[in-house]
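K.L.:
got a predicted structure here, sequence first:
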2 protein chains.
Amino acid sequence: MADDELSKVFAALADPTRRDMVARLAVSDATVSELAEPYDVSIQAVSKHLKVLEDAGVVSRTREAQKRPVHLEAQVFDLMAAWIDRYQHAAEERYRRLDALLDDMNDMNDDASPHHQKGRAS
Amino acid sequence: MADDELSKVFAALADPTRRDMVARLAVSDATVSELAEPYDVSIQAVSKHLKVLEDAGVVSRTREAQKRPVHLEAQVFDLMAAWIDRYQHAAEERYRRLDALLDDMNDMNDDASPHHQKGRAS
DNA sequence: GCCGAATTCAACCAAAAGGTTGACAAACAG
DNA sequence: CTGTTTGTCAACCTTTTGGTTGAATTCGGC
């Protein structure tokens, strides 16, 4: 996995168990053992999952007695949303430009070489 | 990697090279060798990256002569955006409820022990 | 001061990811 | 038909991931 932040966030959320944890943490903070309870893996495995989420900045843990309540850092959602938005819009923009281009070509496509349009008739 | 769609999409985008390809494909379709050109890896490696993106439904390829133009399937952005939105909102809602709860406690904490309001003066 | 509960650390393992090189396939150009 | 371009397939290698078990750590309860 690459070590830039966005890569870490996407990688962290590429696991359904971790996504489920995030879903639950969106409702309320929880300890490691509370989080582990529904899953059929050892508590150490859950601890590892949390480390992945923490390294990605998705959650944080604050020491509190011998428990370590896990807290969702909702800002990372903004990071992802921004990336998605950017290319979603780029793709839209592209279609808009394509449409414009096709309109132009429609106006003047008689002088060009007529033998390689791609939407050719069968 | 888990095999559900969202997991595959997140995993596909967890690699900076693949994200860069997506960024470029948002601007225009491209062939494998065009896509490979800027990266310092073999064309086979790029082909593998594209397979990952294709399996995740992020791109599609249509045969066209001996070239295989790669096309961005922008709908997957919606899938991710929906997931993010959902838990972003859940987290917000949670804070709203927490605020309400704290307000309630503020209202009636005189009947109980009056010594632990939260907005205490410094 | 010792016990128990919550969590992490360490060593290990199997499987997957991401890269390589070399051979193969498909389609157009001569 | 032959050759070139474009891309994939196959085998292989190394590193990372996600799991295991067992030992250590840390703090509160008594």
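P.N.:
That came through, no problem. Numbers count the residues shown, from 1 in each chain, chains lettered A, B, ... in the order given.
K.L.:
pull the CA atoms of the helix or strand harbouring A:Glu34 into PDB?
P.N.:
Counting by DSSP states H and E, the element that carries A:Glu34 is helix A:32-36. Taking Å, rounded to 0.1, in the frame of the first residue of the first chain, the C-alpha atoms of helix A:32-36 are listed here in PDB:
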ATOM      1  CA  VAL A  32     -11.800  -2.400  21.300                       C
ATOM      2  CA  SER A  33     -13.700  -5.300  23.000                       C
ATOM      3  CA  GLU A  34     -17.100  -3.700  22.300                       C
ATOM      4  CA  LEU A  35     -16.100  -3.300  18.600                       C
ATOM      5  CA  ALA A  36     -14.800  -6.900  18.500                       C
END
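K.L.:
what's the longest helix in chain A?
P.N.:
helix A:75-108 (DSSP state H).
K.L.:
in it, what counts as buried?
P.N.:
A:Val76, A:Phe77, A:Met80, A:Ala81, A:Trp83, A:Ile84, A:Tyr87, A:Gln88, A:Ala90, A:Ala91, A:Arg94 (16 or more other Cβ atoms under 10 Å in any protein chain shown). In this view, the C-beta of every residue, glycine as well, is placed from N, C-alpha and C.
K.L.:
name the nearest residue to the second one, ignoring sequence neighbours.
P.N.:
Distances taken as Cβ to Cβ, 6 or more residues apart in numbering or on different chains place B:Gln88 nearest to A:Phe77, at 4.4 Å, with adjacent residues excluded.
K.L.:
what about stretch A:53-65, average pLDDT?
P.N.:
Averaged across stretch A:53-65, the pLDDT comes to 89.
K.L.:
brain fart, stretch A:102-111
P.N.:
For stretch A:102-111, mean pLDDT is 62.
K.L.:
what residues are up against the residue nearest to A:Phe77?
P.N.:
Contacts for B:Gln88 (Cβ atoms under 8 Å, 6 or more residues apart in numbering or on different chains) come out as A:Ala26, A:Ala74, A:Phe77, A:Ala81.
K.L.:
how about the residues of chain A by DNA strand D?
P.N.:
Residues of chain A lying near DNA strand D by Cβ under 7 Å from any atom of the strand: A:1, A:11, A:14-15, A:17, A:40-42, A:44-45, A:48-49, A:52, A:63, A:65-66.
K.L.:
out of those residues, which end up buried?
P.N.:
Buried members of these, counted by 16+ other Cβ under 10 Å: A:Met1, A:Ala11, A:Ala14, A:Asp15, A:Thr17, A:His49, A:Val52.
K.L.:
which element is the second one on?
P.N.:
This points to A:Ala11. For A:Ala11, the host element (DSSP H and E) is helix A:5-12.
K.L.:
who are the packing partners of that helix?
P.N.:
Packed against helix A:5-12 by the contact rule (3 or more Cβ pairs under 8 Å, 6 or more residues apart in numbering or on different chains; DSSP states H and E) you find helix A:43-55, helix A:75-108, helix B:5-13, helix B:16-27.
K.L.:
low-confidence bits of chain A, can you list those?
P.N.:
Low-confidence segments of chain A (pLDDT under 70): A:64-66, A:105, A:107-122.
K.L.:
which positions in it make contact with DNA strand C?
P.N.:
Within chain A, the positions near DNA strand C by Cβ under 7 Å from any atom of the strand are A:1, A:31-34, A:43-44, A:47, A:50-51, A:61, A:66-69.
K.L.:
and which of the buried ones among the residues of chain A next to DNA strand D is nearest to A:Leu98?
P.N.:
Distance ranking of those against A:Leu98, using Cβ to Cβ, places A:Ala14 first at 31.6 Å.
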